[in-house]
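[1] could you work out the structure for the sequence below:
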Amino acid sequence: MRRSGIFVLLVLLLSAPLMASNRIDRPHQVVDPGYGAILFDYYQQNWFAAMSQALMALETGTLPTQAPQAQVLLGALYAHYGMPDEAEALFRKLLAESVDPALAPSIWLHLAELHYRKQRYTDALALLDEQIGTPPEQLNRQFHALRTRLLMRMGRFEETGDALDYLNEDSLSAYLRYNLAVSRINSGDGDRGEGLLWQVANLPPGDDETNALKDRAMLALGVHYLRTGQTRQARKVLRAARLDGPYSETALLLHGRAWIASDEPARALGSLQTLAERSLQFEETQEALLSLPWLFQVLGDFGRAATGYRYAISRYTEHYRYLAELEQQIRSGQWFADLVQEPVWSTAMEGLPPFKPGRVESFATFRHLFASHDFHSRWRDYHEQLRQIHLLHSWRQRLPAIEEMVAAQVRKHREQVPLAEDMLAALEQAGWPQQLKKMEQRFKHGQQSNDLSMFASEDERKLLAAVDEVETLMSRWPEKIKPELRERLALQKGLLLWQLQENSVPRQWQRESQLKELDTLLKETAVLSDRVSSAASGDSHRVVSLGHQLAGLYNEIGELEGRGDKLLGRQQQQIELLAMTQIETTRQRLKAFTAESWAALGDLQNLMVREKRSR
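    Okay, here's the model as predicted:
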């Protein structure tokens, strides 16, 4: 059972990287700025922020060109947050519409991924083969990675080789080969699985991820050889494992088992003794503490065996106390505080802080928990929620500045109202509409009475006035005025009147246009006057309303912060519950090992007594 459990653990550890590899962030052109903002958060793995941006952009219509791409991205985020039904509905809606043919393969691929997650493997494979067939170059890696996993789930291992050939020799290809190898071995095809494991194990040294995968492949080979009775091969493979790698404890335990299975228990002492000296936080160390005195007993060294059992019991008891202290730290929140270490974001666009297990003293106790997808999902959800609370705090910090701006507007409004009222009073007193009405009446009277002087220019009016004045003077002393002067004055007046008569129509039209312009200006003045009057009276209510809205915004942000804190507390409790479950599992295992050690020590002492009496 424990050997098969190792395979299960290794497969589970691989699940998270494979899921992460199916993101749709492939290079493509950004046209809409709003879509670029969504992609920025998506590239930074700020899933919640990206989803919020996408929903807001689609709601406000700020994606005139790339709305379908944003919807595809939104569907992928729905699936990431455990909403497969919503994601599938969105993808099918897009496919039912006249979607861009270049975008359709990506949608079908995501739909097939949803079928895979729902364990509808046949439907997912049909979508890939029938709807996509030959994927575009940018989707080639995702397409064949998903197809390989589907074929593995369906047990069609012979067809997976062709799919793997389409993938480059990268980490994704190595993970898929490892999973395919484990699946083949567990299905009974050990030879094919062994060959695939050796392909992974013989990869050139690389980064920590590649080297860890190579270690996993070596361990899987060791377990396979032990299960098939090839103890010599098992010893050879396990001896090559790194003693400082992340799986060195498992390798040491399996190496000791390989010697025991080879009927050479004495040669297992070195591996088990090395492992027993390591931290008891490792499950393998706990098992080695019990296996080591048993091995001494098998070798006939009863004294060291009894000492080993007592030492194991004391170590188990000590670790049991450590678990009680660790449990107290978890209940008090100190463990989680050490784990999180309050992150600081200067802007809302910064990425989430990476998880660094090395800063937690209890890392070895929870190493399998920290490697689980369940933990990382809750961890990321916690930090996404923490980001939202950070945004609320930043908004709250901006509110005083907005409040000061509103107060400044109130002060300015109070200063401008008296000036506006004075201006309105001056306009009312000037009586411009009444004056315009008089001018229009005079204009109509001049038209009807054919009063040419009304349409004369300023100089012409002066001349007419001068002529009228001369005629008045001449009428006083008619005997003194020579006839030729009368004729000359009559000629000048006639010429002037003839000039006015000749241009009377254009002059009347020009004066009528001027009156119309004045009427338009007066109407605009009336509109502006109404606006000023409304601003003087109505805007005060609007400004006061802004103050009330600002106070309401304070309350809403406070309410959201309270809800966010409660949600954050629940997410913390979920993570702490995972840790408490791990502690309880370890505690039960320690109880079992302690009971087995006491029983073995009792049996050993009885055996020693019987042998002593038989002498």
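[2] where in the stretch 151-300 of the chain is pLDDT low?
    157-172 (pLDDT under 70).
[3] how does it look with 90?
    151-272, 275, 278-284, 299-300 (pLDDT under 90).
[4] can you show me the helices along it?
    Under the criterion DSSP state H, counting those that start in this stretch, the stretch 151-300 of the chain contains helices at 160-165, 171-186, 190-201, 208-227, 231-239, 248-261, 269-276, 283-298.
[5] same deal with the stretch 451-600 of the chain?
    458-476, 483-502, 504-614.
[6] who are the packing partners of the longest one?
    What it means is helix 504-614. helix 283-298, helix 302-332, helix 334-340, helix 367-370, helix 373-430, helix 432-449 (3 or more CB pairs under 8 Å, 6 or more residues apart in numbering; DSSP states H and E). C-beta: built from backbone N, CA, C; applies to glycine.
[7] tell me which helix or strand Ala70 sits in.
    helix 67-80 (DSSP states H and E).
[8] what helices and strands are in contact with that helix?
    Judged by 3+ CB pairs under 8 Å, 6+ apart, helix 67-80 is in contact with helix 33-43, helix 47-60, helix 84-96, helix 104-117.
[9] contacts made by it with the rest, please.
    Helix 67-80 has contacts (CB atoms under 8 Å, 6 or more residues apart in numbering) with 23-24, 28, 34-35, 38-39, 42, 47, 50-51, 54-55, 57-58, 63, 84, 86-87, 90-91, 94, 99-100, 103, 106-107, 110, 113-114, 117.
[10] state the mean pLDDT of stretch 340-350.
    Per-residue pLDDT over stretch 340-350 has a mean of 58.
[11] could I get the helices of the stretch 151-300 of the chain in a markdown table, plus columns for distance to Gln142?
    Shown next, in a markdown table, are the helices of the stretch 151-300 of the chain (distance: least, CB to CB, whole Å):
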| stretch | distance to Gln142 |
| --- | --- |
| helix 160-165 | 12 |
| helix 171-186 | 9 |
| helix 190-201 | 21 |
| helix 208-227 | 19 |
| helix 231-239 | 33 |
| helix 248-261 | 32 |
| helix 269-276 | 41 |
| helix 283-298 | 36 |
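[12] so which of these is the most packed in?
    Of these, the one with the most neighbours on average (mean count of other CB atoms under 10 Å) is helix 248-261, at a mean of 23.
[13] that one to helix 269-276, inter-axis angle?
    On the basis of axes from the mean of the first three to the mean of the last three CA atoms, to 10 degrees, helix 248-261 is oriented at 150 degrees to helix 269-276.
[14] from Leu114, how far off is Arg92?
    Distance check for Arg92 against Leu114: by CB to CB, to the nearest Å, it reads 10 Å.
[15] no no, Phe296
    56 Å.
[16] still on that earlier bit, quick one: closest of the helices of the stretch 151-300 of the chain to Leu604.
    helix 283-298 (6.0 Å; CB to CB).
[17] alpha carbons only: can I get the closest one in CSV?
    The C-alpha trace of helix 283-298 is given here as CSV (Å, rounded to 0.1, in the frame of the first residue of the first chain):
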residue,chain,number,x,y,z
GLU,A,283,7.3,10.8,7.2
GLU,A,284,10.1,8.7,5.9
THR,A,285,12.2,9.5,9.0
GLN,A,286,9.3,8.4,11.2
GLU,A,287,9.2,5.1,9.4
ALA,A,288,13.0,4.7,9.5
LEU,A,289,13.0,5.1,13.3
LEU,A,290,10.8,2.0,13.5
SER,A,291,12.5,0.1,10.7
LEU,A,292,16.0,0.6,12.1
PRO,A,293,15.6,-1.3,15.5
TRP,A,294,13.6,-4.0,13.6
LEU,A,295,16.6,-4.4,11.3
PHE,A,296,19.0,-4.7,14.3
GLN,A,297,16.7,-7.4,15.7
VAL,A,298,16.8,-9.2,12.4
